[in-house]
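Undergrad: Structure, please.
(chains A, B and C)
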Amino acid sequence: MAENDDELEELGISTSLTRRQLVRRGLGGFLVAYAGALPKVAAAGVPKYVHKHYKNTLKIIQWSHFVPAYDVWFDKTYTKNWGAKHDTDVQVDHIALAQLPARAQAEVAAQSGHDIFGHLSPQAGLEDQVINHKEIIQEVTRKVGKVSQVGFKSCYNPKTRKWHGFPENYVPDPIHFRKDLWNQVGIKPSTWDDVRRAAPKLKALGHPVGLGMSNELDSNMLLIALMQCFGAFIQNAQARPAINSKHTIEALKMMRDIYKRGMTNEVFAWTAASNNQGYLSGRLSLAVNAISIIRSAEDANPALAQNTSVAPIPRGPVQRLGLEHVMGVYTIWKFSKQKTLAKRFIADLEMNYQGAFKNSKFYNFPAFRGAVHDYARQLAADPHKGKYNVLDLIARKYTVNLGYPGFSNAAVDEIFNTWLVPQMFAQVAQGKMTPADAASAALHEFKPIFAKWRGRGKI
Amino acid sequence: MWSTLRERGVSYLIVGPFAIVLAFPFYWMLVTAFKTNGDLYNLDNVPFTYHPSQAAVGEKLSFQHDHWLPFGFENATTSHITFIFSDTNYLRWVENTAVVGGLVVVITLLLAVPAGYSLARLSGRWGQSVGVGIFLTYLVPPTLLFLPLSRVISKLGLQDRLWSLVLVYPSFTIPFATWLLMGFFRTIPAELEDAALIDGCSRLKALARVIFPISIPGILTVVIFSFSLCVNEFVYAITFISGTKQHTISAGVPTDLIRGDVYFWQSLMAATLIPSILLALLYNSFLDRFIAGFTGGAFR
Amino acid sequence: MAEARPQTRRFRDLLEDRRFLAPALITPAALFIVLLVGAPLVLAVYLSMTDATAGQLTGKFIWFHNFTEAWHNDNFRRALRNTIVFTLASQAIVLVGAGILAHALVRPFRGRWFLRLLILLPWAAPVAVSTIGFLWIFDSQFSVVNWTLVHDLMPGGGHFYLYRPVNWVLGGIDHLPWVHVGKIDRLNPPQWLGQPTLAMLAIIFVQAWRILPFATVIFIAGLSSIPTEVHDAAKVDGATGLRKFWHVTLPLQLPIATVALLFGIVFTATDMTVVYILTSGGPFNSTHMLTTWAYQTGVVSSNLGEGAAISLYLLPVLLVVSVLMLLFARRVEVS
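TA: From the prediction side, this is the model:
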C-alpha cells in the first residue's frame, strides 16, 4: 500500500494523512498488544477462585438489588461467612430483572445451571422442574414460626400439594405522596375517592398524580391492588377466573375518572422507572411503588424526601388491600447436585433474616414473620424519623399474594406476565371500550389461559 | 475549479445532515454522562447545559470552582463515569467482548473465504443450492434457538464460559461473510484469474496471489462486519453466561447498571459511548485503508 | 508439439481440481452451520409441534395445533403485519440513504475522515446499549426530543419554538387525503413510545439509524472494488456523470446492493433487541414483531411450543423474499 500513499501525496492530499497515520499507528499498536493478550485471556476461561479451596461449590443467581449495598453485603459478607462455616465456595451471579425468565428457561433446557435460582415472583410454571421445597419450610417453621399467608399462598400449589418455591421475602407496596402539596389542596389520600377528588386540583397545580397503566411491573401491581380494594379479583378461591364482576367495572370507572380529570397520556408509556423519575423530579404528587422512590430521594433530594409521606394503599368501597410489589422466591432445580447444601443455605438465610432486612434498607420483609425481631423498634430506629414505621402495618395487614383470594398459580402468572390487566384499564381510560365490555373481554381472554393450565393438571 | 468547489459543496450538503442525525444521540449521551442526579431529573433544566443542584450521595463536583468553563460545566460531575470503572467489572466486559470478537473473526475468515470463493467460481448448479442452504440458517431467529443451544452448550461443558460464545457466534457470521465474499469475488473479472492460471499457477496459488490482494476490501469488510455482529449480539451473551466477570458489554451493562426500577442513566450513557467511539475509530481506520488504495486510481 | 501436451494436462488438472476443490472449500463452513444451526432448528421444528412448556425440550405431540392457535390470535396477525411494515420501511430508508451517502463519501474532501467517524457511530455502538440510550431520548417525561420541540430555544432575544414550524408542516400534511396527523400540544408533548403510531415510527427510526452506516459501508466497499479498468473503459466510451452512473456504476453495484438489502431485511425481520428494549411490544401489544411475540409467548408466558411455532412462521416469508432476491441478483451479475 506504500505506493498508493505516495500517489496520494503526489495528488496533494497529504495534510490529513499524518493525522490518519497517527491514529492508525495508535490503533495498530493497541491491536498488537491486544493480540498478544488474546491467547492468554482465551485460555484462562473461567477464573478459578484464588482464595481457599473449599470442598463444595454452591452457585446462586438472583437479580441485581436496587440497593447496591445489599448485593455487596450478600456477595461479599454473608455468603463468604456462611461458606467458611460449611466448607463451601458460594458463587453469586446477578442478572437483570427482565432477563430472569429467559435465564431460567435456558437452565431448564440445558439441564444445568445454578443450584439456587432467585426469582422475583412465584414461578408456578416451573413447578415440574424444581424440587418440593417442603423440607425447608418445615425446618424454618420449627425455628421461627409459621410462614405468612402471603408466602404460603404464593408458593404452595394445593392441587399438586407441592411447594414450588421457597418464599424468602416480599416487598410491601405503599403509596408515596407529597404532603406539602396534598395539604395545599386540603385532602389526604386515605380513600380512592379522595384521590379522585384531589387529582384535578393537583393537576391544576402542575403536580398530577402518577398512576401508570403501562405494560410494566408497577402498573400491574397498582391496578390489581386497586381492583382488590373494590372487591374485584382475577380469580376466586377455587381458581376460576372471576374478572367479570360489577366490582371490576367500578374499579375501571374509578381509574378512568382519575385519568380523565387528573393525568396525561404519558401514563400509558411508562417503564418501571418512570414513576420513580417523575416523583424524584418533583413533578408527581403521588406514586404507588416500593420504597425505592423514597430511598433514592434521601440520597438525591433530601428536601423532597422530607416532604414525602409513606402510607398504605387508599381504601376502596370494599376494603383496603394491597399486593406485594415483588416476592423473592428461591427455587432449587431438580438437576442440582447440591440439593442438601442449597436447602441448608436457604434455611439459614431465612432463619437469620435480620441482616438481610437491615441491609436492604427494609425493602425485603421476610416471608416468615418470626425471622426478624421487633419490627417496630427497628423501623423506628431508621434515621429518617419514623417515616418507615407504617411499613410494618402494611406488610402485616394490607399485603396479600398475587391471585388472592386463591393461590398464585401458572394461569395468574401468565396473565400477569402478559400485562392483561393494565391493558384492560388502559383501553377503558382511553375510551376505547366501555367498562362492561372491557371486563367481559378480559374474561374472554382469561378463560382459555385457565383452561390450558387446568388441562395440564396444575390448577 | 468551479466543478470541484461545487462537488465539495454537494458532498458537504449531503454528508452533513446525515452525520448530524446519526451522531446527535451520541452527543446527547456525552452531555448526559456528566450530569448530576439533581440536574438530570429536573424537568425545568435545559438538557444541553449543566445547572447547579444539590449533590447526591457519592457525587463529587470536581469542577466546582472553575467558573470559566462553558455550558455551566462547573456543575458537572465525573463520578457517574468513574462509577462504571470502580463499581462494576466494565473493563473486563470490554476485554471479553474484544477477545470473543477477535477469535470469531479469525474463525469466520478461515471458513468463509474458501467457501465464498468456491461458491463464486467453482461450483455449478449444486453450488447455488448449497449457497442458498447456508443462507437459510438466518431465517430462524435466535430468540428461540437459544433454548436448544443451551442444551448443546451445557453438554459440551461450556456453560458460563466465553468459549460458548466463540463457538456459537460464527454460526451467524459465516453465512453473511460467505455471501459477501461471494459477491466480491464475482465482481472480479474472471480474466484476471484465467491470466494467472494460464501462466502456470494452480487454482489455490491463483487464489492467494491474485484474488486475495484484490479482494482485501471485501475481506476487511467481512472483518468489520463479523466483529460488529459479535459485539451487538445480546440474547446468547445473556443466557449462556451468568458470571459478571465473564460478561460481554451487551450482557454486563443491562445487568449491573439497571437495578430493578432504578436506571443509572449517566453511567449507562458513558458505558455506551466508550466502546462506540473506540469501535468507530477502529472501523474508520479500516475503511481508510482500502479506500485510499482505490479512490486514487478509480476517480482520477 | 511439446507445448500441446502440457496444455491438455493442465486443463485436465483444472477440471479435476474444480470438482474436488469446490466441495473441499465449502465443507468446513457448511459443516459448522449444519451442526450449530441445523440441529437446533430441527429441534425447534419438533418443539413447535408439541405442547412443551417452560424450557422443557420435550412435550406431547400435537401436530399443527400450535400453528392454528397462533394464527387465530389477533396479536399474532398484528405482529405479522408489523414485521412486514417495520422491515420494509426501515430498509427502504436505509437503501436510499446509504446509496446517496456512499456516493458522496467515496470522493475525498476536507473533514471526510471525521464526518465518516460520526456516521459510523450508530453501527459501532452495541445495539443493546444504544437502544437503552434511545429509551432515555424518547422517555415519557424527560425526552430531549420533546424538550427541544416545546421549549423556547432562543430565550432572551427573539423567541423561537420549534413546535410551531413543525405544526405548520403537520397541518400541511393533514390536507392530504388519507393521512391524519395531529398537532403537537405544548402542554402534552407526543409520547414517542406510548402511542401506537409514534411507537412504530420510533422503532423504524432507531432500526434505520443503526443499519444505515452498515449499508453505507457495504456500498462504499462495492464502489471501491470496481476495478479501475472499468472506469477507464467507461471514460473511453465517453460515459461520465449521470450516464456513467446509470449504465456503469449502478449495474455493477447491483449484486452488492442486493446482498446488502437482503441481509438488511433478514437482520431486521429476525431482530428482537430494538423492539424488545424500546417498547417490549407495547403499547397494548401494538408494536410486537413476530420475534418479540414469539419470545413473549415462548419464554415469558412459558408456552414454548407455541412460541416455536410463531417464530417458524417467519421462515416461509423470508424464504420467498430471499429466493426472489437471489434470482434477481443472479440475473444482473457481472459476466
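
Undergrad: what about residue A:102, which helix or strand?
TA: Using DSSP states H and E, residue A:102 falls within helix A:100-110.

Undergrad: Name all residues that make contact with the closest residue to residue C:153 other than its chain neighbours.
TA: The shortest distance from residue C:153 to any residue other than its chain neighbours is 4.8 Å, reached at residue C:160 (Cβ to Cβ, 6 or more residues apart in numbering or on different chains). All C-beta atoms are positioned from the backbone trio N, CA, C, and that covers glycine. If you count contacts by Cβ atoms under 8 Å, 6 or more residues apart in numbering or on different chains, residue C:160 has them with C:152, C:153, C:154.

Undergrad: per-residue pLDDT, the closest residue to the last one other than its chain neighbours?
TA: Meaning residue C:154. Spatial nearest neighbour of residue C:154, excluding adjacent residues (Cβ to Cβ, 6+ apart): residue C:160 at 4.4 Å. Note for residue C:160: predicted pLDDT of 80.

Undergrad: now swap in residue A:54 and tell me
TA: 86.

Undergrad: just the one 4 residues further on next, same as before
TA: Residue A:58 carries a pLDDT score of 94 in this model.

Undergrad: Repeat that for residue A:159.
TA: 91.

Undergrad: Check residue C:188 too.
TA: 78.

Undergrad: Same check on residue B:140?
TA: pLDDT, residue B:140: 68.

Undergrad: List the residues that contact residue A:371.
TA: Contact analysis of residue A:371 by Cβ under 8 Å, 6+ apart lists A:140, A:144, A:350, A:351, A:352, A:353, A:354.

Undergrad: go with 6 Å
TA: Listed by Cβ atoms under 6 Å, 6 or more residues apart in numbering or on different chains, the contact set of residue A:371 reads A:144, A:350, A:353.

Undergrad: swap in residue B:178?
TA: Counting by Cβ under 6 Å, 6+ apart, residue B:178 touches B:112, B:115, B:116, B:134.

Undergrad: could you redo the last one with a cut-off of 7 Å?
TA: B:112, B:115, B:116, B:119, B:134, C:29 (Cβ atoms under 7 Å, 6 or more residues apart in numbering or on different chains).

Undergrad: Output these as a markdown table; include the columns neighbour count and secondary structure.
TA: Shown next, in a markdown table, are these (neighbours: other Cβ atoms under 10 Å in any protein chain shown; DSSP: H, G, I helix; E, B strand; the rest coil):
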| residue | neighbour count | secondary structure |
| --- | --- | --- |
| B:112 | 28 | helix |
| B:115 | 30 | helix |
| B:116 | 29 | helix |
| B:119 | 24 | helix |
| B:134 | 25 | helix |
| C:29 | 26 | helix |
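
Undergrad: Go through the residues you listed and name the one nearest chain A.
TA: residue B:112 (20.0 Å; Cβ to the nearest Cβ).

Undergrad: Just give the nearest non-adjacent residue to the closest one, would you?
TA: When the adjacent residues along the chain are set aside, residue B:112 lies closest to residue B:177, with 3.7 Å between them (Cβ to Cβ, 6+ apart).

Undergrad: okay, now the one you found: neighbour count?
TA: Per other Cβ atoms under 10 Å in any protein chain shown, the neighbour tally for residue B:177 reads 28.

Undergrad: Residue A:377 too?
TA: Using other Cβ under 10 Å, residue A:377 has 8 other residues around it.

Undergrad: Could you do residue C:159 as well?
TA: Neighbour count of residue C:159, defined by other Cβ under 10 Å: 10.

Undergrad: So residue C:44 is in contact with residue C:308, correct?
TA: Yes - counting by Cβ atoms under 7 Å, residue C:44 does reach residue C:308; the two are 5.0 Å apart.

Undergrad: Overlap of the contact sets of the two?
TA: Common contacts of residue C:44 and residue C:308 (Cβ under 7 Å, 6+ apart): residue B:144.

Undergrad: More neighbours: those two, which one.
TA: The neighbour count for residue C:44 versus residue C:308, taken as other Cβ under 10 Å, is higher for residue C:308 (29 against 23).

Undergrad: mind checking which helix or strand the closest residue to residue B:179 other than its chain neighbours is in?
TA: Nearest residue to residue B:179 in three dimensions, chain neighbours excluded: residue C:259, at 5.7 Å (Cβ to Cβ, 6+ apart). Residue C:259 is located in helix C:250-269, with elements delineated by DSSP H and E.

Undergrad: for the record, mean pLDDT for that helix?
TA: Mean predicted confidence for helix C:250-269 is 78.

Undergrad: For that helix, name the packing helices and strands.
TA: Here helix C:250-269 touches helix B:170-187, helix C:74-106, helix C:196-224, helix C:314-331, going by 3 or more Cβ pairs under 7 Å, 6 or more residues apart in numbering or on different chains; DSSP states H and E.

Undergrad: what's the most buried one of those helices?
TA: helix B:170-187 (a mean of 25; mean count of other Cβ atoms under 10 Å in any protein chain shown).

Undergrad: Could I get the CA-only coordinates of the helix or strand just after that one as PDB?
TA: Toward the C-terminus, helix B:170-187 is succeeded by helix B:190-198 as the next helix or strand (DSSP H and E). Taking C-alpha atoms only, helix B:190-198 is exported to PDB below (Å, rounded to 0.1, in the frame of the first residue of the first chain):
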ATOM      1  CA  ALA B 190     -12.600 -14.000 -14.400                       C
ATOM      2  CA  GLU B 191     -10.000 -12.800 -16.900                       C
ATOM      3  CA  LEU B 192      -7.600 -11.800 -14.200                       C
ATOM      4  CA  GLU B 193      -7.700 -15.300 -12.700                       C
ATOM      5  CA  ASP B 194      -7.500 -17.000 -16.000                       C
ATOM      6  CA  ALA B 195      -4.500 -15.000 -16.900                       C
ATOM      7  CA  ALA B 196      -2.800 -16.300 -13.700                       C
ATOM      8  CA  LEU B 197      -3.900 -19.900 -14.400                       C
ATOM      9  CA  ILE B 198      -2.500 -19.700 -18.000                       C
END
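
Undergrad: Helix B:190-198 - contacts with which helices or strands?
TA: Contact partners of helix B:190-198 among helices and strands, from 3+ Cβ pairs under 7 Å, 6+ apart: helix B:203-206.

Undergrad: quick one: residue A:363 and residue A:290 touch, right?
TA: Yes - look at residue A:363 against residue A:290 with Cβ under 7 Å: they come within range, at 6.4 Å.

Undergrad: if we can go back for a sec, ok, and the most crowded of the contacts of residue A:371?
TA: residue A:350 (26 neighbours).

Undergrad: Identify the residues contacting that one.
TA: Residues counted as contacts of residue A:350 (Cβ under 7 Å, 6+ apart) are A:140, A:168, A:366, A:368, A:371.

Undergrad: returning to that earlier point: how far away is the residue nearest to residue B:179 from residue A:262?
TA: For residue C:259, the distance to residue A:262 (Cβ to Cβ, to the nearest Å) stands at 55 Å.

Undergrad: domain ranges for chain B?
TA: Domains of chain B are assigned by automatic domain parsing as B:2-84, B:89-296.

Undergrad: Please work out which of the ones you listed is packed deepest.
TA: With neighbours defined by mean count of other Cβ under 10 Å, none of these is more surrounded on average than domain B:89-296, at a mean of 21.

Undergrad: What angle do helix C:74-106 and the helix holding residue C:259 make with each other?
TA: Helix C:250-269 runs at 140 degrees relative to helix C:74-106, counting by axes from the mean of the first three to the mean of the last three Cα atoms, to 10 degrees.

Undergrad: How far off centre is helix C:250-269?
TA: 10 Å (Cα atoms, centre = their mean, to the nearest Å).

Undergrad: hmm, who's touching it?
TA: B:138-139, B:176, B:179-180, B:183, B:186-187, C:83, C:86-87, C:90-91, C:94-95, C:207, C:211, C:215, C:218-219, C:222-223, C:226, C:230, C:314, C:318, C:321-322, C:325, C:328-329, C:332-334.

Undergrad: Nice, that's everything, thank you.
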